[in-house]
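In: mind folding the following:
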Amino acid sequence: MICKHCGYDVPKGIRFCTNCGEPMPRETGETPKEKEKITEDDNITKKEFIAHYVPHSARLALHTGAILSYLYSLLYLVIVVMSVSLDGITGRNMLFLAVIIALTLLTVGFQVKKSVVCAVTVTLVAVIFTIYCIAVFHEVTVIWVCAGGFAIFGTTKIKGLWDAYQRSHRLPRKID
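Out: Numbers count the residues shown, from 1 in each chain. Below you'll find the predicted structure:
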């Protein structure tokens, strides 16, 4: 089939042009599911947009950052609990607990809401916490910084694509 928008030769059965992303005309005898395709005139939700039009690399980076952050939060929570059982409640334990709670809540913010602000804040808090831990306790806590970096990449890519769609109402190339 030839795309009416750009003239690109698209393989039969493809719903959107693989060159420009424009919807392809319907063929006769399509199944009901194929008739429910998303076109430029439809208002799609951000969740649908992310699922179908955001590159896998951005979604993978976002999920990797969230998983790293949650795992590191869990690890530090275990360390704090063990430290409290051995040393009692100390200023260090309370500081670590506060950082764990803050970074976990910010991680939920960038994972669920795709918030760039939460991703940047996670990274900044993680950098400050890492510098503090290296200087005071001689411990390295760089995993949260890496998690924040992944989150910044994923959320900024998603935000950029979503904002472009909101301005132009033109869907980018569909990701299958």
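In: going by C-alpha atoms from here, please, whenever you check contacts or count neighbours.
Out: Fine.
In: pretty sure residue 12 sits against residue 1.
Out: Yes: the criterion here is CA atoms under 8 Å, and residue 12 meets it with residue 1 at 5.9 Å.
In: who has more neighbours out of the two?
Out: A direct count of neighbours by other CA atoms under 10 Å for residue 12 and residue 1 places residue 1 higher, at 15 against 10.
In: so what's the more buried one up against?
Out: 9, 10, 11, 12 (CA atoms under 8 Å, 6 or more residues apart in numbering).
In: what do you get if the cut-off is 10 Å, keeping everything else the same?
Out: 7, 8, 9, 10, 11, 12, 13, 14, 17, 24, 25, 27 (CA atoms under 10 Å, 6 or more residues apart in numbering).
In: just the buried ones from the residues you listed, in ChimeraX syntax?
Out: Filtering the contacts of residue 1 down to the buried ones (16 or more other CA atoms under 10 Å) takes a single ChimeraX command:
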select :10,17,24
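In: buried sites along the longest helix seen in the chain?
Out: Identified as the longest helix of the chain according to DSSP state H is helix 56-87. For helix 56-87, the neighbour count (16+ other CA under 10 Å) marks 58-59, 61-66, 68-70, 72-73, 76-77, 80 as buried.
In: ok, and the closest non-adjacent residue to residue 2?
Out: Using CA to CA, 6 or more residues apart in numbering and skipping residues adjacent in sequence, the residue nearest residue 2 is residue 9, 4.6 Å away.
In: how much space separates the spatially most central residue of the chain from residue 44?
Out: For the chain, residue 62 is the residue whose C-alpha lies nearest the centre (CA atoms, centre = their mean; 3.0 Å). Separation of residue 62 from residue 44 (CA to CA, to the nearest Å) stands at 21 Å.
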